[in-house]
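Peer 1: What follows is a predicted structure for the sequence shown.
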Number of protein chains: 2
Amino acid sequence: MEEPNGFAEVATIIDMELEGQHNNEEERESTESNYLRNRTLSSTSVAIVGAKVSHIESLDYEINENDLFKHDWRKRSRLQTLQYVFIKWTLAFLVGLFTGGVATLISLSIENISGYKLRATVNYIDDKRYFMGFAFFAGANFLLTLVAAFITVYFAPTAAGPGVPEIKAYLNGVDTPNMFGATTLFVKIIGSIGAVSAGLDLGKEEPLIHIGSCIASLLGQGGSDSYKLSWHWLRYFNNDRDKRDLITYGSSSGVCAAFRAPVAGVLFALEEVATWWRSALIWRTFFSTAVVVVVLRIFMDYCRSASCGLFGRGGIIMFDVSDVIVRYHFVDIIPVVIIGVIGGLLGSLYNHVLHKVLRLYNLVNEKGKLHKLLLALSVSLFTSICIYGLPFLAKCKPCDSSLSDSCPGTGETGNFKQFNCPNGYYNDLATLLLATKEDAIRNIFSLNTGTEFQVISLLIFFLLYCILGVITFGISVPSGLYIPIILMGSGYGRLLGIAMRPYTKIDQELFAVLGAASLMAGSMRMTVTVCVIFLELTNNLLLLPITMLVLLIAKSVADCFNPSIYEIILELKGLPFLEAHPEAWMRNITVGELADVKPPVVTLEGIEKVRRIVEVLKYTTHNGFPVVDGVIPELHGLVLRTHLLLVLKKKWFLNERRRTEDWEVEEKFTWIDLAERWGKIEDIAVTKDEMEMYVDLHPLINTTPHTVVESLSVAKAMVAFRQVGLRHMIIVPKYQAAGVFPVVGILTRQDLRACNILNVFPHLAKSKSIKKGN
Amino acid sequence: MEEPNGFAEVATIIDMELEGQHNNEEERESTESNYLRNRTLSSTSVAIVGAKVSHIESLDYEINENDLFKHDWRKRSRLQTLQYVFIKWTLAFLVGLFTGGVATLISLSIENISGYKLRATVNYIDDKRYFMGFAFFAGANFLLTLVAAFITVYFAPTAAGPGVPEIKAYLNGVDTPNMFGATTLFVKIIGSIGAVSAGLDLGKEEPLIHIGSCIASLLGQGGSDSYKLSWHWLRYFNNDRDKRDLITYGSSSGVCAAFRAPVAGVLFALEEVATWWRSALIWRTFFSTAVVVVVLRIFMDYCRSASCGLFGRGGIIMFDVSDVIVRYHFVDIIPVVIIGVIGGLLGSLYNHVLHKVLRLYNLVNEKGKLHKLLLALSVSLFTSICIYGLPFLAKCKPCDSSLSDSCPGTGETGNFKQFNCPNGYYNDLATLLLATKEDAIRNIFSLNTGTEFQVISLLIFFLLYCILGVITFGISVPSGLYIPIILMGSGYGRLLGIAMRPYTKIDQELFAVLGAASLMAGSMRMTVTVCVIFLELTNNLLLLPITMLVLLIAKSVADCFNPSIYEIILELKGLPFLEAHPEAWMRNITVGELADVKPPVVTLEGIEKVRRIVEVLKYTTHNGFPVVDGVIPELHGLVLRTHLLLVLKKKWFLNERRRTEDWEVEEKFTWIDLAERWGKIEDIAVTKDEMEMYVDLHPLINTTPHTVVESLSVAKAMVAFRQVGLRHMIIVPKYQAAGVFPVVGILTRQDLRACNILNVFPHLAKSKSIKKGN
């Protein structure tokens, strides 16, 4: 499926990072050789986050059933439970409200900035001051790109790109640092406005999804930590389980805000990003998207009466065919199949080329911040030159007076731009290029325009956006792929429509729509979502069957060549995404065999010496430690690194080896403390005296960790791991005999990933078959 | 939430059944007291299937990783894998094709039968031969009901009712016998046509869902077993995992066929029926629904040109407002909230009353088949009398000549029925009642009819359908709830609209639509699906935000009183549905404590004597047996009852205690054999000599059963059980010591149900809180 050398380079980057780390750690490792770290089965968690290799962490959706938790919920009154449910609904409401508000703000800014920019440019052209026009156009674009790229590169590198792969990874259980912070949110908003207004070939749709998720995450943790703006009472939701739900609402709200398509928002979360899903989640997600729709509606109503500049002139429904009777018959199946097949081929080709370009850009990005900035600015300049220059190549066409549209149109929007043509003529390429992306799409989708565009203009349009679509996506600004893909797809769709005119009665503009859909399915491999987006965008039910057919064919064809673009990016970034289906060969290996090649498991005792805890934390990187206790050693449970850090931080030490009382614990910790993540061991100072004291870990131990017997196959372990949403899975022995240690090993996300297992057991790959599609 | 005494009666029925069973078994039990059956933790699986108490079985979604399976897939070529994927897609296509075809057939029959029936009745009325009219009308209805009820009662009792709860249970992992057979399918089709044509207050929508599932199931098992019509090569899909997928396609296709709403079909499967869900499933489900839409479209196109009788005059879009500009403003929130609240209250009240009536009907149904038939016929007669008689109470209204509709209308469809009125006048109640249900809904939803209906007529309409909606659902014919609820809801919506006319500008007909939506959310608690159905039915995006608001409010209000109607039916039937969320008190009890109150687990050895296997199968009802083997006893895996039966049936016995070779196994069994269910032990004869022989179970043992340590909380075990889709969960001990038996117990679906646990541990209920909503 994928080329092995595609990731070799990322692996190199990661290896280099680890190498550096090795040097620092060399001394440490030599002093503590008993905490042997065997790298045969990789459990290092690094990934490229915002073009930088960072350590990532797994999320923990398992309920930590320790004494404190049990005590807490036993104490919890019915009122508190109702309060919890009420706040959760309120948060869903707020996510929708803020996302809707921010989306309006972004649209308003973009439409005004790029509208006035285009208006000024058109004025220069009307005065035949072509050079000044270009200087103004390119300069404005340059400045806007500079702003967007500068804040992205210097303040929040994680805000670059679409953000969707990281959200997908988050909902799968991988936390990437700085992904959902306040800085990222702010940079994403401003950067998005700048980049889209600069006329770059990218959209604000995926950034909106990321923005929605940031808003949700910030609401969940009760505000921003870095800016000391937080409400403590909302901390209640600052745990992995609740945050996962919130980010699901956020991403759905983002889709809804981008397309004004609430059902598509819910389906997007379902099809594309969410790994776990419950009925209650659909229900609240739907509520969030409903709020977004209402907010957008209110703002648009307001802007219709009051002055919002150029906002709202365009509207959001791109292809309003609700009053058109779509005619198609059985024979029209053939062109529809052709669109699907070509869309699939083009989509996978696009993924392939984009993959190569992203790897190339990684090399540039590694060289430093200035290089990133220069790359973005060069792309901006190239875009400006093409968009301004190419329309001069097109032949002026005479206006058709039978059409109701004013021709040549005046101002910055609308069909039939005059550009450099004499009165009574229009430049069709300028209509397509010298407009905002939304306007361009609206123009190419617009009805009764079967003869408006010349083949040569469409060809230039298509080729230009193929090139721009490939070179723009990887630059360091917030960017989305929907718009570039729709632009490409509509171009090729129209061209195909012209080629097939003798054989079918389907309209040109419908070809454009279907072409866009096919390319979306071919590149992003979304089907249900795209279909519903198109249903909600076009507002026409009769289009549905052929849209579906196109999507199905395009996706099936493209799936033969490579995975979806988001999956490619996930792999490229090295995010440990856990797939839904185990590989077939995973049935040939047991978890016991995996445990054998891992370093021996590090366990603690129920009442443990402080020295031992500090050592364990320092010389291992594990995030969970099984606790084994008793005369006959018995698996008592699992204690998390973060809770050990909490204990050290709060200096909750005992002078002798004894069990603590309930009240002692409650005095010290709250349930909310336990959900936080508590820094690093290096930041905690423990005195020599304290080193000899004891800690009673019992109240903090998750007494019911998920366990598997060593004879279980990796395939089944992986399914259980993903379905239940675990972070640690303890392996227990199969034999019952005196002296058998009750813990064989511990499995984490990294241990269950196919590529990591194949590193250690390469012979398994030979038995590999493609039973995955099951 | 629910009343405890609601199920007492079902429990009594079930107890009675078991009592009977006891007597038969008494002798048996006394002979084999060592297979102690302790009934403290109920593991008897009985439920009411088609008004009869039957034994139900759990489904097994776990991959049985035994030697045979491993060998089979290792042998499987890439071509076979592709073939598998291809056939699966083909099946998805066929499910859509057949469901679409059957749906067309049903619609065609119903519209013709009831159309000609109404036309004849109207002719009698036009001739003022009122009594003859009534005799014909009531007689035709009586006959049609008789046909529907007769075949249902005598041939396929499982075809009665909606079938949706059983589908929901199936996808949760509960197999109800005779639910998806060929007879059921056939009876459901004919019965549905009869019952709906008879003018009973029920719809064909849920039956279509059931029909879709039957088609899918039959396709999956390669045809009907009972009728010896089966293709062996399709047997490949006759396993629980593939059938689950197929039935998901089937139910979605059914929804799609019922409402011509493909996206709603997918969402229905997702929100309402499916317990497990994967991205690939959405994708193929969507394909099935797309096929259904295309099939429906082709048939409708065909019927437009050719003659299909009265079919297609009505059409399926009930409320075509796509060309209407829906106006509503911020103040209109208030009436919308009121609709939602009342809809929620009415919906939960309806559920409550229907629950009582269903319990009452159960008492009648128990008395025998004739009683069931008489009940159905009385309801039919009552319905005929009301529908024919009540319009005489309405005052004739003069026609408004400003409207474009012909008034009084002629024939059996359309607004403004003349009925008993003089020329130039119409009877508004006859318009609503003396029509097919679809026509009635279309009339009450129809536009610009703000003054057509009088308050008194609407009140009669609403009250009549409240009564009919309650008394009709439980009779022994295929029946659906959508139409009755929409009828009730539209009636109350219009009434509310008239009451609020001074305060709002929302149109009457919109009130009717919102009323119907609110009642659907109030009774069935579906939100996303209803919303998308309405979106796809009304073809109007602008209605979405207020529809959403109404649905959200109605569901939230109704949730305070009782669960959804389908959940009520599930409980009433005693189907062991496993909820998504564990009860809070389940964290207070471990699986080890559950195992303690269960009878001791029955284990087998790897090479076992035939006598022992026969005894175990005879004297226990377990469906899976842990296999413990070795000098140090070790859990080797789990063997299924059906595989033991297979061994006995095929007489695969050995003379001495030895391991078998691979080729010996392959000669005897295929992988397809293992997926079948192999009858009862009573049907298998084993001679005395054979009793002393041996069986090597090793090749059949699932060597990787899912296990849990005895200290795991029931809450976590339940989540894992449901998420992974298990049938058996083996409990292993926590202690590692010589002499500890490696199996503590075995958990099944019944053991993890809240009500069963509470029977044994009533004290846990005290700690019960409502953290479920999490």
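Peer 2: Noted; the coordinates are in hand.

Peer 1: So what's the residue count around the residue of the stretch 401-550 of chain A found nearest chain B?
Peer 2: Nearest residue of the stretch 401-550 of chain A to chain B: A:Met548, at 4.0 Å (CB to the nearest CB). In short, each C-beta sits where N, CA and C put it, glycine included. Neighbours of A:Met548 under the rule other CB atoms under 10 Å in any protein chain shown: 27.

Peer 1: interface residues of the stretch 151-300 of chain A facing chain B?
Peer 2: Within the stretch 151-300 of chain A, the residues that sit near chain B (CB under 8 Å from any CB of the partner chain) are A:262-263, A:266-267, A:270-271, A:277-280, A:282-283, A:286-287, A:290, A:293-294, A:297-298.

Peer 1: Repeat the analysis, applying 6 Å as the threshold.
Peer 2: Residues of the stretch 151-300 of chain A lying close to chain B by CB under 6 Å from any CB of the partner chain are A:263, A:271, A:278, A:282-283, A:286-287, A:290, A:293-294.

Peer 1: re earlier: tell me the predicted confidence for the residue of the stretch 401-550 of chain A closest to chain B.
Peer 2: A:Met548 is assigned 80 on the pLDDT scale.

Peer 1: so who does it touch?
Peer 2: Each residue near A:Met548 by CB atoms under 6 Å, 6 or more residues apart in numbering or on different chains is listed here: A:531, B:290.

Peer 1: That one: which element?
Peer 2: A:Met548 belongs to helix A:544-559 when assigned by DSSP states H and E.

Peer 1: just the CA coordinates of that helix, formatted as PDB?
Peer 2: Coordinates of each C-alpha in helix A:544-559 appear next as PDB, following Å, rounded to 0.1, in the frame of the first residue of the first chain:
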ATOM      1  CA  LEU A 544     -28.200  12.200  -4.400                       C
ATOM      2  CA  PRO A 545     -28.200   8.900  -6.200                       C
ATOM      3  CA  ILE A 546     -25.600   9.900  -8.800                       C
ATOM      4  CA  THR A 547     -23.500  11.700  -6.300                       C
ATOM      5  CA  MET A 548     -23.400   8.500  -4.300                       C
ATOM      6  CA  LEU A 549     -22.400   6.400  -7.300                       C
ATOM      7  CA  VAL A 550     -19.600   8.700  -8.100                       C
ATOM      8  CA  LEU A 551     -18.300   8.700  -4.600                       C
ATOM      9  CA  LEU A 552     -18.400   5.000  -4.300                       C
ATOM     10  CA  ILE A 553     -16.600   4.400  -7.500                       C
ATOM     11  CA  ALA A 554     -14.000   7.100  -6.900                       C
ATOM     12  CA  LYS A 555     -13.200   5.800  -3.400                       C
ATOM     13  CA  SER A 556     -13.000   2.200  -4.500                       C
ATOM     14  CA  VAL A 557     -10.700   3.000  -7.300                       C
ATOM     15  CA  ALA A 558      -8.400   5.200  -5.200                       C
ATOM     16  CA  ASP A 559      -8.300   2.700  -2.400                       C
END
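
Peer 1: still on that earlier bit, pLDDT, secondary structure and distance to A:Ala195 added to the residues of the stretch 151-300 of chain A next to chain B, as JSON lines?
Peer 2: Output for these, formatted as JSON lines (pLDDT from 0 to 100; DSSP: H, G, I helix; E, B strand; the rest coil; distance: CB to CB, whole Å):
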{"residue": "A:Val263", "pLDDT": "80", "secondary structure": "helix", "distance to A:Ala195": "28"}
{"residue": "A:Glu271", "pLDDT": "78", "secondary structure": "helix", "distance to A:Ala195": "27"}
{"residue": "A:Arg278", "pLDDT": "72", "secondary structure": "coil", "distance to A:Ala195": "36"}
{"residue": "A:Ile282", "pLDDT": "82", "secondary structure": "helix", "distance to A:Ala195": "33"}
{"residue": "A:Trp283", "pLDDT": "78", "secondary structure": "helix", "distance to A:Ala195": "35"}
{"residue": "A:Phe286", "pLDDT": "84", "secondary structure": "helix", "distance to A:Ala195": "31"}
{"residue": "A:Phe287", "pLDDT": "85", "secondary structure": "helix", "distance to A:Ala195": "31"}
{"residue": "A:Ala290", "pLDDT": "82", "secondary structure": "helix", "distance to A:Ala195": "29"}
{"residue": "A:Val293", "pLDDT": "83", "secondary structure": "helix", "distance to A:Ala195": "26"}
{"residue": "A:Val294", "pLDDT": "80", "secondary structure": "helix", "distance to A:Ala195": "28"}
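
Peer 1: what's the closest of those residues to A:Asp127?
Peer 2: For these, the minimum distance to A:Asp127 (CB to CB) is 43.0 Å, reached by A:Val293.

Peer 1: Now do the contacts for that closest one.
Peer 2: A:Val293 neighbours (CB under 6 Å, 6+ apart): A:262, B:545.

Peer 1: Could you give the separation of the helix holding A:Met548 from the chain centroid?
Peer 2: 24 Å (CA atoms, centre = their mean, to the nearest Å).

Peer 1: where's A:Ile533, which helix or strand?
Peer 2: Per DSSP H and E: A:Ile533 is located in helix A:528-538.

Peer 1: could you dump that helix to CSV, C-alpha only?
Peer 2: Output of helix A:528-538 as CSV, limited to C-alpha atoms (Å, rounded to 0.1, in the frame of the first residue of the first chain):
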residue,chain,number,x,y,z
VAL,A,528,-21.0,9.6,3.6
THR,A,529,-19.8,13.0,4.8
VAL,A,530,-19.1,14.4,1.3
CYS,A,531,-22.4,13.1,0.1
VAL,A,532,-24.3,14.9,2.9
ILE,A,533,-22.2,18.0,2.5
PHE,A,534,-23.2,18.1,-1.1
LEU,A,535,-26.7,17.3,-0.2
GLU,A,536,-26.8,20.2,2.3
LEU,A,537,-24.8,22.5,0.0
THR,A,538,-26.8,21.9,-3.1
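
Peer 1: Is there any residue in it that contacts chain B?
Peer 2: Yes - residues of helix A:528-538 contacting chain B under CB under 6 Å from any CB: A:528, A:532.

Peer 1: okay, now the closest residue to chain B within the stretch 1-150 of chain A: neighbour count?
Peer 2: Of all residues in the stretch 1-150 of chain A, A:Val85 sits closest to chain B, at 5.1 Å by CB to the nearest CB. By other CB under 10 Å, the residues close to A:Val85 number 16.

Peer 1: Model confidence score at it, please.
Peer 2: 81.

Peer 1: Flag every residue of the stretch 301-450 of chain A that's near chain B.
Peer 2: Counting by CB under 6 Å from any CB, no residue of the stretch 301-450 of chain A is near chain B.

Peer 1: re earlier: in PyMOL, how would I select the buried members of the residues of the stretch 151-300 of chain A next to chain B?
Peer 2: Under the burial definition 16 or more other CB atoms under 10 Å in any protein chain shown, those of these that qualify are selected in PyMOL by:
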select buried, chain A and resi 263+271+282+283+286+287+290+293+294
